[in-house]
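>>> Got a sequence here, can you build the structure:
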Amino acid sequence: MKKKLAVILADGFQIPLVKKAKEMGIETHCFGWDKKEKHYVCKEFADYFYPMSVYDKEMILEKCKEIQIDGVLSILSSIAVPTVAYIAQNLNLPGNRYEDMLNAENKFKARQIYLKEGVSSPRFAVVRSGETPDIKDLKYPMIVKPTDCGGSYGVMKVNNDDELQIAIPRAQKASIAKEALIEEFVTGVEVSVDALSWNGKHYVFDVRDKETTGAPYFVEVAHHTPAQLNKESITKIENEARKALDALNFRYGPSDTEVIITEEGEVYIVEVNPRMGGDLTFELIKYSTGHDYMKLAINLALGYWEEPVIMPKYVAGIYFLSKECEWVGEIIKNKDKYPEIINSKLNKDELKEIQSSGDRSGYFTYISDRKRTMKDYIKN
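Coordinates of the predicted model:
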C-alpha cells in the first residue's frame, strides 16, 4: 500500500516536494487555499487537492485523520510551519511541538529564547503597529525586518533616525502580525547552515556561502556550497546553529540557520528558519554531497531515517539574474559554452533593481571542483 504524504500549502514552492514524493511512489495530498490563482498551482501536480487555508489547522487535521496520512511536510514557506507541527503532534507523526514552532517562526520570540538560552545573537527590539520604538540600548547601524516573513521582504539597513522611520512601516507592511524587528547590524561573513533533525539530533549537510546586494536590502544573489572557510570557523558555525535549534526545541525536519561570523571569529545567529532553505538549496546539497536532501526530508516525515555520512565531494552554486547582476543573463543565454552549468531558467525579461527575492529574473546552477566566481564568466 502506498504511503500518504500531506503537503501543506499549494503554491509553486511545493512543486519540487510533490514531484519528488510522487517519484518515490508516495501518494500526495495537498492542502491550500487563496484567492490568487498562483497559490493553486500544486493542484495540477498532487494526487489529491483540498481547498483549505493553511490557517484552518483543525479542518486540515480532520481531513488528515480521514485520509490516514503517514507524514506531513511543507518546504520553503514559514507560514506553514505551525500547521505542519500541529498535524504531526496530533497524529503522533515525526514533527515538532506546535507551540515551539509558533515561537520559532516568529523572529522576535525566537530572539527572546536565544537571549534566555545563551545563544549568541545581536541585540534587538520589536515595534508593533502604532508603537514608538524603544532603541535606547541599541546602536546604529541597524537592520529592520518583519518578525514573520522570509525572502528579504521588508528588510532594510538603517544608519540614523530618519531612515529608521522609513524602514519600520516598510517592515510592518510585509509582516502578517504587523511587527518590525530592529537589530544591531553585525559585520562579517554571512553563511547558511542546512540541516535535517531526527529526534533532536541535528545532521548538518552544508555550510553555504551567500552573496547579497548589500545595503540597504541585502537580497541574496548567489550561493555556494561548501563555504570557503577554515575548519575551525565551520565548527564554530555548526555548533552555534545546533545550539539555536536546541533552544527552539526543534527536533524533526529540515532547517536553514543564517549565521554571521566576524573577522574576530565571533559567531552570531541571524535567524533560524524552521523549514527547508530556499533558492534551490536542496539541489545544491545533492550536487555537492550526493545526498538527495528532498528525498531524505520526505522519508524523515514518514518516519524513515538512517544516519547519513556527509562529505562534500564538489562545489555547487547558484547565481541569480537581476539589474545588479546583468551578466548572469548572458551566461544563461550561452549556457552550452559552460559544461559546469547544470540548470538554468529565465523567469522574466524585465530586470529589476531588487528589493526582495521575488524581484529576481532567473538563475543558473553549477557543479565544479572549485568555487566559480564572476571572473570565471566575465573576461576582461
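>>> Tell me where the stretch 201-350 of the chain has helices.
For the stretch 201-350 of the chain, the helices defined by DSSP state H, counting those that start in this stretch cover 231-247, 281-289, 293-301, 327-333.
>>> winner for burial among those?
Sort those by mean neighbour count, taking mean count of other CB atoms under 10 Å, and helix 281-289 sits at the top with a mean of 24. Glycine gets a C-beta too; all of them are placed from N, C-alpha and C.
>>> Poorly predicted segments of the stretch 101-250 of the chain, please.
Flagging of the stretch 101-250 of the chain using pLDDT under 70 yields the residue ranges 150-152.
>>> Do a quick rundown of the strands in it.
124-128, 142-146, 156-158, 179-184, 189-198, 201-212, 220-225 (DSSP state E, counting those that start in this stretch).
>>> Now do the last one against helix 281-289, angle only.
Spelled out, that is strand 220-225. 30 degrees (axes from the mean of the first three to the mean of the last three CA atoms, to 10 degrees).
>>> Outside of strand 220-225 itself, list whatever touches it.
The contact list for strand 220-225 (CB atoms under 8 Å, 6 or more residues apart in numbering) reads 152, 192, 206-213, 279, 281, 284-285, 288, 312, 315-320, 322, 324-325, 354, 357, 360, 371-372.
>>> Does Y338 touch I367 like I think?
No: the pair Y338 / I367 is not scored as a contact, 11.1 Å apart, by CB atoms under 8 Å.
>>> which of those two has more neighbours?
Legend: neighbour count by other CB atoms under 10 Å for Y338 and I367, higher for I367 (20 against 16).
>>> Quickly find the element holding the more buried one.
Using DSSP states H and E, I367 sits within strand 362-368.
>>> Hmm, V144 and E184 touching each other?
No: using CB under 8 Å, E184 is not in contact with V144, being 11.2 Å away.
>>> Neighbour count for these two, which is higher?
Each of E184 and V144 has its neighbours counted (other CB under 10 Å); V144 has more, 25 against 18.
>>> Now the more buried one: closest residue in space, sequence neighbours ignored.
Excluding its sequence neighbours, the residue lying closest to V144 (CB to CB, 6 or more residues apart in numbering) is A167, at 3.8 Å.
>>> again, but for A247
Take A247 and drop its neighbours on the chain: the residue closest to it by CB to CB, 6+ apart is E117, 3.8 Å away.
>>> what do you get for E350?
Distances taken as CB to CB, 6+ apart put S361 closest to E350, at 6.7 Å, once the chain neighbours are dropped.
>>> for T262, same thing?
Excluding its sequence neighbours, the residue lying closest to T262 (CB to CB, 6+ apart) is G188, at 3.9 Å.
>>> ok, now E271?
Distances taken as CB to CB, 6+ apart place E258 nearest to E271, at 5.2 Å, with adjacent residues excluded.
>>> For that neighbour, name its beta-bridge partners.
E258 has these beta-bridge partners by DSSP bridges: S192, E271.
>>> Report the separation between it and L9.
22 Å (CB to CB, to the nearest Å).
>>> Compare these two (neighbour count), which wins?
L9 (25 against 20).
>>> List phi and psi for that one.
Backbone torsions for L9, taken as degrees, to the nearest 10, come to phi 90, psi 150.
>>> With the one 3 residues further on instead?
G12 adopts backbone torsions of phi -60, psi -30, taken as degrees, to the nearest 10.
>>> per-residue pLDDT, the closest residue to it other than its chain neighbours?
Distance criterion CB to CB, 6+ apart; nearest residue to G12, sequence neighbours excluded, is V41 at 5.1 Å. Note on V41: pLDDT of 88.
>>> Specify the local secondary structure of V41.
Per DSSP: H, G, I helix; E, B strand; the rest coil, the local secondary structure of V41 is helix.
>>> contacting residues for the nearest residue to A297 once chain neighbours are set aside?
Of all residues not flanking A297 in the chain, P254 sits nearest, at 4.9 Å (CB to CB, 6+ apart). With contact set as CB under 8 Å, 6+ apart, P254 has these partners: 75, 194-197, 275-277, 293, 297.
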